[in-house]
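Chemist: Sequence isn't available, so here's the structure alone:
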């Protein structure tokens, strides 16, 4: 028996027998298998886990990109800071500001200002004496800062005298309108043409007087017109125009009135000599000052 079974097992199988299977049985088996597959529960499709670090990494990338771009732009195109100019002169001189305002700066004076005015005001800081013809700009008022005083103008012509060593500040208006304010005391006044405001630095009080514009602007024009003016007033005008100290020792001269005109750019010595023709006095220089006897 064992031999028969063994012999049967070893019987060769022909390859073409596989292809002789009945087609009908194959189809039947296929349909049965498909029906079984259809009866199985549907497979659950798993969603991929959310990778939170990806959007964070993208955001960080763009932040770094923007910062590096800003840094590169700041190094190649740095932010322009306002340029401050300090103008100091030992003689009267004239120049224009960037806004078109014309400035006449007297001798031994100092003016600080921005090369290009930015912000809501056009500010200049003065130590000395200057005459301004302000270019009109209602949206950007022009201001002269003199320590504790502020002169505000929109479009006008005026003169400011404010030396550190002097106890008073004088503002003279030629045309237009200006507001003068003492920041320490809060006192304020609006000037009219041919008016001069005198501010006492120690108290902040303001006194307003009418003035002769020719006399007030003699330092700028070089024209000195004295019309029935006392000798003492003439000397005060010359002190202002030539930036000297003149002391009158002859008391009899102080209140005498004189009428004269100098318009050819005469020097101080020449003016004193011409006045001397009508007034009996002598003068001399002592330690840089002029003494009239």
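Modeler: Sure thing, it's come through. Source: prediction; values computed, not measured. Residues are numbered from 1 along each chain as shown.

Chemist: rest of the way, CA atoms for contacts and neighbours
Modeler: Noted.

Chemist: where does the stretch 101-250 of the chain have low pLDDT?
Modeler: Judged against pLDDT under 70, the stretch 101-250 of the chain has no low-scoring part.

Chemist: Strands of that one, residue ranges please.
Modeler: 102-105, 109-114, 122-133, 142-145, 149-153, 157-162, 168-175, 178-182, 188-191, 195-200, 206-210, 224-230, 246-248 (DSSP state E, counting those that start in this stretch).

Chemist: ok, residues contacting stretch 91-102?
Modeler: 103-108, 115-117, 132-135, 220 (Cα atoms under 8 Å, 6 or more residues apart in numbering).

Chemist: out of the residues you listed, who has the most neighbours?
Modeler: residue 105 (28 neighbours; other Cα atoms under 10 Å).

Chemist: name the element residue 290 belongs to?
Modeler: strand 289-292 (DSSP states H and E).

Chemist: Direction included, what does that strand pair against?
Modeler: Looking at strand 289-292 with DSSP bridges, its partner strands are strand 246-248 (parallel), strand 283-286 (antiparallel).

Chemist: Tell me which residues of the very next helix or strand once past the shortest one come out buried.
Modeler: Past strand 246-248, further along toward the C-terminus, the next helix or strand under DSSP H and E is strand 257-262. The neighbour-count criterion (16 or more other Cα atoms under 10 Å) identifies 258, 262 as the buried residues of strand 257-262.

Chemist: Run the angle between the following helix or strand past strand 257-262 and strand 224-230 for me.
Modeler: Remark: after strand 257-262, the chain's next helix or strand is helix 268-278, criterion DSSP H and E. Comparing the axes of helix 268-278 and strand 224-230 via axes from the mean of the first three to the mean of the last three Cα atoms, to 10 degrees yields an angle of 40 degrees.

Chemist: Quick check: the residue positioned nearest the centre of the chain vs residue 141, distance?
Modeler: Centrality entry for the chain: nearest residue to the mean C-alpha point is residue 118, 3.8 Å, by Cα atoms, centre = their mean. Look at residue 118 and residue 141: by Cα to Cα, to the nearest Å, they are 11 Å apart.

Chemist: same thing with residue 103?
Modeler: Relative to residue 141, and taking Cα to Cα, residue 103 is found at 16 Å.

Chemist: before we move on, what about residue 272?
Modeler: Taking Cα to Cα, one finds residue 272 at 42 Å from residue 141.

Chemist: And for residue 167?
Modeler: Distance from residue 167 to residue 141, by Cα to Cα: 27 Å.

Chemist: So between the two, which is more surrounded?
Modeler: A direct count of neighbours by other Cα under 10 Å for residue 167 and residue 141 places residue 141 higher, at 17 against 11.
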